[in-house]
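1. This is a predicted model, with the sequence first.
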Amino acid sequence: MSHRTMRAIGILLLISLILPAAWHRRAEGTAPQRGPSLFGSPVQAMALGNWGKEAAAPLGFAELYSGASSLGIQFSPKLKSLNGKRVSMVGFMAPPLKPTLAFFVLTKVPMAICPFCSTDADWPNDIVVVRLSKPVTALPYDQPIQVTGRLEVGSQIDRETGFVSLVRIIADTLERAK
């Protein structure tokens, strides 16, 4: 791992140790939500709907990669063909570092611990980074959500966090999975 990656992981670990434990209870849905939430009222959901937008192609976690080689993981033909297009994925929000977030990690199965606070051995290789246009309040991470937005494919390092991602969705719609 590069020095920059190790430094970013160290900073994220330090931040996670400093945060008060109270937000964990809030993430379990026991406290009332203040501010924007991933799941708004039915009226808000309609406003975020697909009116005037291209149809979203469904994309599953099993369709992200076609294999691996000595050069690394290989993107699937379907993933490459959808780059820059509107897609829809269903998954689980990984436990976030803080209660209000501008991005989160979408995983295939619920994660019990904050992925930033664990080793890379615990980090799933089939994750998708979801970027949000406005910060939202995190909700329980054991409930499936459907994310719809523009797909970005290729290695990218976030300037603010140092987080490296291969697959990203710039979300325009977030809702409970049906």
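-> Everything's here; your move.

2. just the strands in the protein please.
-> In the chain, strands defined by DSSP state E lie at 57-58, 65-69, 72-75, 86-93, 100-107, 128-137, 145-157, 164-176, listed in chain order.

3. Can you add mean pLDDT and mean neighbour count and give those back as CSV?
-> All C-beta atoms are positioned from the backbone trio N, CA, C, and that covers glycine. Shown next, in CSV, are the strands of the chain (pLDDT from 0 to 100; neighbours: other Cβ atoms under 10 Å):
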stretch, mean pLDDT, mean neighbour count
strand 57-58, 97, 14
strand 65-69, 87, 11
strand 72-75, 86, 14
strand 86-93, 96, 21
strand 100-107, 87, 20
strand 128-137, 86, 17
strand 145-157, 94, 18
strand 164-176, 91, 19
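
4. For Ala57, give its distance to Arg159.
-> Using Cβ to Cβ, to the nearest Å, Ala57 is found at 29 Å from Arg159.

5. Just the C-alphas of stretch 152-159, formatted as PDB.
-> Only the C-alpha atoms of stretch 152-159 are listed here, as PDB (Å, rounded to 0.1, in the frame of the first residue of the first chain):
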ATOM      1  CA  GLU A 152     -18.400   6.300 -13.400                       C
ATOM      2  CA  VAL A 153     -15.800   3.500 -14.000                       C
ATOM      3  CA  GLY A 154     -12.100   3.600 -13.400                       C
ATOM      4  CA  SER A 155      -9.600   4.100 -10.600                       C
ATOM      5  CA  GLN A 156     -10.000   7.500  -8.900                       C
ATOM      6  CA  ILE A 157      -8.600   9.000  -5.700                       C
ATOM      7  CA  ASP A 158     -10.900  11.400  -3.800                       C
ATOM      8  CA  ARG A 159      -9.000  14.600  -3.200                       C
END
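
6. Tell me which residues are up against it.
-> For stretch 152-159, the surrounding residues in contact (Cβ atoms under 8 Å, 6 or more residues apart in numbering) are 4, 75, 79-80, 82-84, 103, 163-170.

7. Determine which two of those are furthest apart.
-> Within these, Arg4 and Leu82 form the most distant pair, 29.4 Å apart (Cβ to Cβ).

8. Tell me which of these two has more neighbours.
-> Using other Cβ atoms under 10 Å, the more surrounded residue of Arg4 and Leu82 is Leu82, with 19 against 11.

9. Just to check, that one is in contact with Ala57?
-> Yes - assessed by Cβ atoms under 8 Å, Leu82 is found in contact with Ala57 at 5.7 Å.
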